[in-house]
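>>> Kindly generate the corresponding structure for this input.
(2 chains)
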Amino acid sequence: MKLPDPEQLLENLYQQLLPAIDENTVLVGIYTGGVWLMEKLLPKLQAALGHELAFGKLDAAMYRDDYAQRGLKTKSLPAYIPFDVNGKHIILIDDIFYTGRTTRAVMNELFDYGRPASIQLAVLINRGGAQLPVRPDMTGADLPLAAQQSFELSMNTQGRLHLSVTDVTNGVSGDV
Amino acid sequence: MYNPQLNAQGQLQHLLSIEGLPKRLLIDILDTAESFVGVAEREVKKVPLLRGKTVCNIFFENSTRTRTTFEIAAKRLSADVLNLNVSTSSQSKGETILDTVNNLIAMHADMFVVRHQQSGAAHFIAQHVPPHISVINAGDGRHAHPTQGLLDVFTIRKYKPEMHNLRVAIVGDVLHSRVARSEIHALTTLGVPEIRVIAPRTLLPTDVEKLGVQVYHDMAQGLKDVDVVMMLRLQNERMAGALLPSTQEFFQTFGLTPERLALAKPDAIVMHPGPMNRGVEIDSAVADGKQSVILPQVTYGIAVRMAVMAILAGGNAA
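Residues are numbered from 1 along each chain as shown, chains lettered A, B, ... in the order given. Sure, this is the predicted structure:
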């Protein structure tokens, strides 16, 4: 498969995000890829909007449904939610949308901070395969991928994104 | 070497002592605890990790604070918590430890937090429970109190992240202190280059130097230029016979006063595992002073215990 340039997909996502933001909107990046994307989007969005945009970071490790099978992720990262969640329009930013289970876990965690007015989901790539009634609202691209493969988003030291596809050998990876 | 704390995959199965805990697991626990610090600051101070699990606090020896922090930690993980004060319960009617434990296993307990006045009690229980049950040592005799050691190094790392550059003094009743032993092992594992113990000869174990510490009998020399002062509680209840002339005299010689603290580095932090004997090992002006991190230790202790329980309870599916 010829893979698209993730920087171009990020531009697509930016075009959809900008009109969706009002003064009550906050962004929440999902570690790790979603946080990279959010940090690249923020300066551009803030310049176009002419105001600061509050943001947070989550990995929802404590809310995942595979804890009993796999235990706690060894490198779970502290949640960073520096704003009052109550009444906010939250846009979640993630890199790859697959089963919808991460989104479910993140939403559960957010509700333990308060009651948001709404939650939307923006992803760089929707690879298909949702196992829950959860779908992204904004998408850089729809790129269906077989279950035995997985997208890997990486970022080099210059902050440039790179996309690759890897084969899932152990049969449990790719739960994104 | 057989290590009863680890399973066949090298993962943590029980937490019994910091001695024998590999550095990677120790750091895993501290890093995981970072994620749990924020939970207490949210609207809902709970995460669902241990939902449906039952944690049994079995305390053969009283300790309100340790039991309370374990209880809060388990409840913030959504576990059900059972508190057993065995000292006032069936053991006084003659039941053995294993009978007590087997009864709790029959009630489908998932984790035991054990405090006992005899060294090795938690090890003993860990060797007798089925593999799906984890045991946490919450203090056994003079041997170990691993979560206290972990929360102490977690607190130090919060205030002094450059662990490789620190001079740490542990002051007071080292002889009776399982806390001191756990602290020394944790600090050594994390690469703290200089650990001092300051105590009267009567309150030091005979081979204390073998733990890799420098021994001082004088506060003025021992506290000079240290980054961290870890006070210990004078354990009157464990003392048989005359190890000390009097608590007043102990304070005169080894009590942490503002004047003595001034010999340490100006930004040194002061720690105490509690409960404090004010005016015996520590002056109130120091305990309540701006260098004291004694109350943050309590707060971080909950996050560290949550991390230990979350690591032990996860990933157990066959």
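>>> okay, CA-based contacts and neighbour counts for the rest of this
Will do.
>>> In a helix, A:Asp84, correct?
No. Looking at A:Asp84 with DSSP: H, G, I helix; E, B strand; the rest coil, it is coil, so not inside a helix.
>>> what about it, how many neighbours?
13 (other CA atoms under 10 Å in any protein chain shown).
>>> Kindly provide the distance from it to chain B.
As judged by CA to the nearest CA, to the nearest Å, A:Asp84 and chain B stand 10 Å apart.
>>> Also A:Phe83?
11 Å.
>>> Also A:Leu18?
Counting by CA to the nearest CA, the gap from A:Leu18 to chain B is 30 Å.
>>> same thing with A:Gly114?
6 Å.
>>> Helix, strand, or coil at that residue?
Quick answer, by three-state DSSP: A:Gly114 is coil.
>>> I'd guessed it sits against A:Val85; true?
Yes. Counting by CA atoms under 8 Å, A:Gly114 touches A:Val85, with 5.2 Å between them.
>>> Most proximal residue of the stretch 101-250 of chain B with respect to chain A?
Residue of the stretch 101-250 of chain B nearest chain A, by CA to the nearest CA: B:His132 (11.7 Å).
>>> Number of residues surrounding that residue?
14.
>>> which residues are in contact with the least confident helix or strand in chain B by mean pLDDT?
Scoring the helices and strands of chain B by mean pLDDT, DSSP states H and E places helix B:247-254 at the bottom, with a mean of 90. Under the contact criterion CA atoms under 8 Å, 6 or more residues apart in numbering or on different chains, helix B:247-254 has outside partners B:171-172, B:199, B:218-219, B:244, B:279-282.
>>> Output the helix or strand bottoming out on mean pLDDT in chain A as PDB, nothing but the C-alphas.
Scoring the helices and strands of chain A by mean pLDDT, DSSP H and E places helix A:67-70 at the bottom, with a mean of 88. Extracted C-alpha coordinates of helix A:67-70, given in PDB (Å, rounded to 0.1, in the frame of the first residue of the first chain):
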ATOM      1  CA  TYR A  67      -6.200  -4.600  32.400                       C
ATOM      2  CA  ALA A  68      -7.200  -8.000  33.800                       C
ATOM      3  CA  GLN A  69      -5.500  -9.700  30.800                       C
ATOM      4  CA  ARG A  70      -2.500  -7.500  30.300                       C
END
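>>> Is that helix positioned near chain B?
Yes. Using CA under 8 Å from any CA of the partner chain, we find that helix A:67-70 touches chain B at A:67-70.
>>> sorry, back to before: in the contacts of helix B:247-254, find the pair that's most separated.
Maximum pairwise distance among the contacts of helix B:247-254 (CA to CA): 18.2 Å, between B:Asp218 and B:Gly279.
>>> More neighbours: which of these two?
Comparing B:Asp218 with B:Gly279 by other CA under 10 Å, the one with more neighbours is B:Gly279, at 18 against 13.
>>> re the thing from before, if we go by neighbour counts, what in the least confident helix or strand of chain A is buried?
A:Tyr67 (16 or more other CA atoms under 10 Å in any protein chain shown).
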